[in-house]
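J.: coordinates only, no sequence provided:
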């Protein structure tokens, strides 16, 4: 007996079109609320999301020797919000080990090497540890010991003495001001201080008065005046003073000569004249003098030779000294180094070039064999040293090379390693883009659920059953496409693209927004494209195509897949092929589904 299928859900519907719109509005509102919650969560967890998205690209770049150092992955909106509300600073990952913790290490009698870099251990803790274990080799962060780690990003550099106390300190650069000098009062044993090119003023120099052991002070490139040097007159231990300020004139000579122990004086860039040189006879220990400017003439040089015959080094580059003045130099019987034409003191170093070595930023450490060093010396003094034979078992030793150019090189390299932005809001908008896409993906189950509640009311029971079957399959295909992109496609195409740059001898300069968009959008496109079998089955259900038509149009479908892959992926054949090949396999899977899951007309008669 044949009966009519009476399962049309609309036969007994009493809802008007307006009622349906109201139901749709409710479900859409709930979906939007879920989306907002998802975006809010991804904003809070944005740093972790960015780290996951970036990981394949970062790994590929590191494999090619390109280190990425942008800060986008380290930004956490929730942490910054809590820090603002509570006033508690964000934990920066620094060590919590202090002097109290180091005391426990004194019981480890066999300990021979200890690395305390990055800890909060002070000089007192290090001295106590070294006193109990004199054979212990301690590696430590000098800035951390001096409690100046917050100034590291400004370029501060420090060296410790044998007592683990600050011995040399560099605050060089326009970022350093009088406020930073106020933190130096506790460093009573500081011997060398480099303040070149800083933004300090005369008032800030008062903070240096307690440094009663200071022997070297570099003020080159600052705006110190005669008044500031009067403040420094109380530093009686100075042996090296470097000044390069156009505000300094002959009126400062009384303050300068009050440092009776000065052995080296650099006045390049000042307005000291012949009259000022007359007062140098008070510096009996002076051995090195650097001068420049039109106010230094033959007359001043003659007085200098007469009053400072003990000089061993003299720099006169940029002065008005003539042949007549040079003839007076015969009176400097101890002179060893004379510079007349080249300004070797442009950086304000004078004769203390070794002071630059306190800057780790301006140094490189290389490992060489002792025999190599010995042979270098042997080539310089062949009559005094014999050439050493190379020992294959010889152990390499570290050698520190210092030069100001190394600091410039490091700074340039750091900038090259960072992704660039072309406007101030680009990084923020990129972060929001990641949060929005992540929020959509995170909230998609809830959004689909709300859409399903609205659509399910108009579906036949067997159609609802199809949704329960195919929706999980769709999620599996989407996740499979995204994971396929992350773990297989990314490494392959990045290796290809970066290798192509190497082949052309080109270094890629990475733009932040393009980089993150590449990592976000490509997995999503792969996930969507992997829905191909279900799309084919859906079209078969609508009686638009069937398995036979799919088989007959296989070559046309392959061409369409190639075009779609070309449009959805970057403009390179590697990424196109990596999307095209799995889509062809998925097309064959779609044919199989259409063949073995043929559609049935819901209105066809049922046989009882």
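T.: Structure received. Everything quoted here is computed from the prediction, not taken from an experiment.

J.: can you give me the strands in the stretch 151-300 of the chain?
T.: Assigned by DSSP state E, counting those that start in this stretch, the strands in the stretch 151-300 of the chain fall at 157-160, 166-170, 192-194, 216-220, 240-244, 264-266, 288-290.

J.: residue contacts, residue 102?
T.: For residue 102, the contacting residues are 116, 119, 121, 125, 126, 128, 129, by Cβ atoms under 8 Å, 6 or more residues apart in numbering. C-beta coordinates here come from the backbone N, C-alpha and C atoms, glycine included.

J.: try residue 500
T.: residue 572.

J.: confirm that it sits in a helix.
T.: Yes: Residue 500: assigned to a helix according to DSSP: H, G, I helix; E, B strand; the rest coil.

J.: just the residues contacting stretch 110-127, thanks.
T.: Residues from elsewhere that reach stretch 110-127 (Cβ under 8 Å, 6+ apart): 94-99, 102-103, 105, 129, 133, 135-141, 144-145, 147, 160, 163-166.

J.: how distant is that stretch from the center of its chain?
T.: 27 Å (Cα atoms, centre = their mean, to the nearest Å).

J.: averaged pLDDT, it. What do you get?
T.: Throughout stretch 110-127, pLDDT has a mean value of 72.

J.: likewise for stretch 196-207?
T.: 90.

J.: from start to finish, how long is it in a straight line?
T.: Start and end residues of stretch 196-207 are separated by 16 Å (Cα to Cα, to the nearest Å).

J.: buried ones in that stretch?
T.: By neighbour count with 16 or more other Cβ atoms under 10 Å, stretch 196-207 contains the buried residues 196, 197, 198, 199, 200, 201, 202, 204, 205, 206, 207.

J.: what's the farthest-apart pair in the contacts of residue 102?
T.: Greatest spacing in those, by Cβ to Cβ: 119 and 128 (14.3 Å).

J.: pretty sure residue 432 sits in a strand.
T.: No: according to three-state DSSP, residue 432 belongs to no strand; its state is helix.

J.: next one, pLDDT for it please.
T.: Residue 432 is given a pLDDT of 80.

J.: got it, and residue 551?
T.: Reading off the model, residue 551 has pLDDT 90.

J.: for residue 557, same thing?
T.: For residue 557, pLDDT reads 91.

J.: what helix or strand is it located in?
T.: helix 554-568 (DSSP states H and E).

J.: next, give me the two most distant ones among the buried residues of stretch 196-207.
T.: Applying Cβ to Cβ across the buried residues of stretch 196-207, the maximum distance is between 197 and 206, 20.5 Å.

J.: for residue 270, see how far away residue 247 is.
T.: 8 Å (Cβ to Cβ, to the nearest Å).

J.: please read the previous query as pertaining to residue 242.
T.: Counting by Cβ to Cβ - residue 242 and residue 270 are separated by 11 Å.

J.: in JSON lines: the contacts of residue 102, plus secondary structure, distance to residue 433 and neighbour count.
T.: Shown next, in JSON lines, are the contacts of residue 102 (DSSP: H, G, I helix; E, B strand; the rest coil; distance: Cβ to Cβ, whole Å; neighbours: other Cβ atoms under 10 Å):
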{"residue": "116", "secondary structure": "coil", "distance to residue 433": "42", "neighbour count": "21"}
{"residue": "119", "secondary structure": "coil", "distance to residue 433": "39", "neighbour count": "20"}
{"residue": "121", "secondary structure": "coil", "distance to residue 433": "43", "neighbour count": "25"}
{"residue": "125", "secondary structure": "helix", "distance to residue 433": "47", "neighbour count": "23"}
{"residue": "126", "secondary structure": "helix", "distance to residue 433": "48", "neighbour count": "21"}
{"residue": "128", "secondary structure": "helix", "distance to residue 433": "53", "neighbour count": "17"}
{"residue": "129", "secondary structure": "helix", "distance to residue 433": "51", "neighbour count": "21"}
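
J.: closest to residue 29 out of those?
T.: Of these, the one sitting nearest to residue 29 (Cβ to Cβ) turns out to be residue 119, at 53.9 Å.

J.: ok, back up a step: more neighbours, residue 247 and residue 270?
T.: residue 270 (23 against 17; other Cβ atoms under 10 Å).

J.: my guess is the more buried one contacts residue 295, does it?
T.: No: Residue 270 is not in contact with residue 295 according to Cβ atoms under 8 Å; the separation is 9.3 Å.

J.: assign residue 147 to helix, strand or coil.
T.: coil.

J.: can you tell me the closest non-neighbouring residue to it?
T.: Nearest residue to residue 147, sequence neighbours excluded (Cβ to Cβ, 6 or more residues apart in numbering): residue 122, at 7.2 Å.

J.: quick one: the one you found and residue 162, what's the gap?
T.: Separation of residue 122 from residue 162 (Cβ to Cβ): 16 Å.
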